[in-house]
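Asker: Sequence isn't available, so here's the structure alone:
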């Protein structure tokens with residue numbers, strides 16, 4: 001696994017390759033922001049390569065300078081980054097925090113803190129960029145109230161912890177699928193599912209000045225509100241819903257909604273949404289033409305990303321494989 005991560009990622013999404021420092025600075029600035037870029041070692045090693053794919057509120061990129069460089073964007077202002085070295089190491093300073101980032105320790109600079117970095121030669125990085133409004137909107141929806149100060153994460157993100165390994169796995173899936181125009185990233189429900197899962201994990205698991213508030217217990221929604229939420233799910237299952245979307249529709253915080261669902265239904269809102277979507281998949285397969293549709297496409301259209309888990313859930317509920325339903329239909 002470690003060796004595969006040293007390969008060039010997003011090879012099907014190239015933006016540029018260059019050994020001209022000014023061109024490199026200009027091209028990277030177009031995707032991120034204006035910044036200072038200086039060579040700090042052997043200038044003949046500069047051989048930059050930049051591949052990138054933008055989705056909705058998230059962008060995944062592969063960036064390798066080849067040489068020792070200093071990168072100083074200052075305040076990022078409009079976006080958050082998770083930077084994952086695929087090999088080597090980099091020195092990251094953000095505000096009053098400083099880390100040496102490696103494949104086991106990603107960096108998560110916050111947009112309101114001054115950022116200054118030194119990437120060593122041989123340190124290609126996988127970069128996940130989130131629009132700042134999307135991160136703040138997700139936090140507000142989870143809290144059920146407006147945030148009162150900028151979100152500041154701890155700079156170091158330990159990728160050896162369980163949740164971070166799972167988070168990295170979702171990023172790897174996003175990167176693989178972004179290589180192809182007809183991959184899962186072409187399905188709006190699939191993209192929304194991945195983006196929401198990535199953001200929710202960061203906000204609830206990565207230490208920050210909001211994590212205690214985001215993970216504090218919240219009073220559960222009352223049964224009447226839960227019933228309204230179930231109706232909303234059934235009527236809007238075709239949309240890229242999140243727990244926060246459902247909570248906003250019934251005027252409660254997402255944490256209250258989750259506690260209400262667990263207490264009154266024994267499932268989470270997202271689990272109930274998956275049940276409804278599984279029903280819709282069954283209906284589409286039963287009425288589908290095997291010559292014109294596939295199980296994979298129908299499942300992806302309804303937000304099921306992992307074919308193995310989808311097939312197991314389908315068989316457990318309907319007693320047959322999805323392909324049997326399509327063939328018989």
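Answerer: Looks like it arrived, so ask away. Model, not experiment: these values are computed from the prediction.

Asker: Find me the pLDDT at residue 219, would you?
Answerer: pLDDT, residue 219: 80.

Asker: Residue 3 now?
Answerer: 41.

Asker: and what of residue 191?
Answerer: With respect to pLDDT, residue 191 scores 82.

Asker: how about it, what does it touch?
Answerer: Applying Cβ atoms under 8 Å, 6 or more residues apart in numbering to residue 191 gives the contacts 55, 56, 184, 185, 240. (Glycine included, C-beta is placed from N, CA and C.)

Asker: I am assuming the first one contacts residue 195, so please confirm or correct that.
Answerer: Yes: using Cβ atoms under 8 Å, residue 55 is in contact with residue 195, at 7.0 Å.

Asker: who has more neighbours, these two?
Answerer: Under the neighbour definition other Cβ atoms under 10 Å, residue 55 and residue 195 were set side by side, and residue 195 has more, 21 against 17.

Asker: can you tell me which residues contact that one?
Answerer: Residues counted as contacts of residue 195 (Cβ under 8 Å, 6+ apart) are 55, 56, 57, 58, 134.

Asker: okay but the last one is in contact with residue 57, surely?
Answerer: Yes: here residue 134 lies in contact with residue 57, judged by Cβ under 8 Å, at a distance of 3.6 Å.

Asker: Between those two, which is the more surrounded one?
Answerer: Set residue 134 next to residue 57 and count neighbours by other Cβ under 10 Å: residue 57 wins out with 21 against 17.

Asker: Skipping its backbone neighbours, what lies nearest residue 322 in space?
Answerer: Nearest-residue entry for residue 322: residue 295, 4.4 Å, with adjacent residues in sequence omitted and distances by Cβ to Cβ, 6 or more residues apart in numbering.

Asker: hang on, I meant residue 37
Answerer: residue 25 (4.3 Å).

Asker: The one you found: which element?
Answerer: When secondary structure is defined by DSSP states H and E, residue 25 falls within helix 21-31.

Asker: Tell me the spacing between residue 91 and residue 193.
Answerer: Distance, residue 91 to residue 193, by Cβ to Cβ, to the nearest Å: 35 Å.

Asker: The two: which is more packed in?
Answerer: residue 193 (22 against 15).

Asker: How far away from the center of its chain is stretch 131-142?
Answerer: Relative to its chain's centre, stretch 131-142 lies at 13 Å (Cα atoms, centre = their mean, to the nearest Å).

Asker: Stretch 198-212 too?
Answerer: That offset, for stretch 198-212, works out to 13 Å (Cα atoms, centre = their mean).

Asker: rewinding a little: can I get the contacts of residue 195 in JSON lines with distance to residue 318 and secondary structure?
Answerer: Output for the contacts of residue 195, formatted as JSON lines (distance: Cβ to Cβ, whole Å; DSSP: H, G, I helix; E, B strand; the rest coil):
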{"residue": "55", "distance to residue 318": "32", "secondary structure": "coil"}
{"residue": "56", "distance to residue 318": "32", "secondary structure": "coil"}
{"residue": "57", "distance to residue 318": "35", "secondary structure": "coil"}
{"residue": "58", "distance to residue 318": "33", "secondary structure": "strand"}
{"residue": "134", "distance to residue 318": "36", "secondary structure": "helix"}
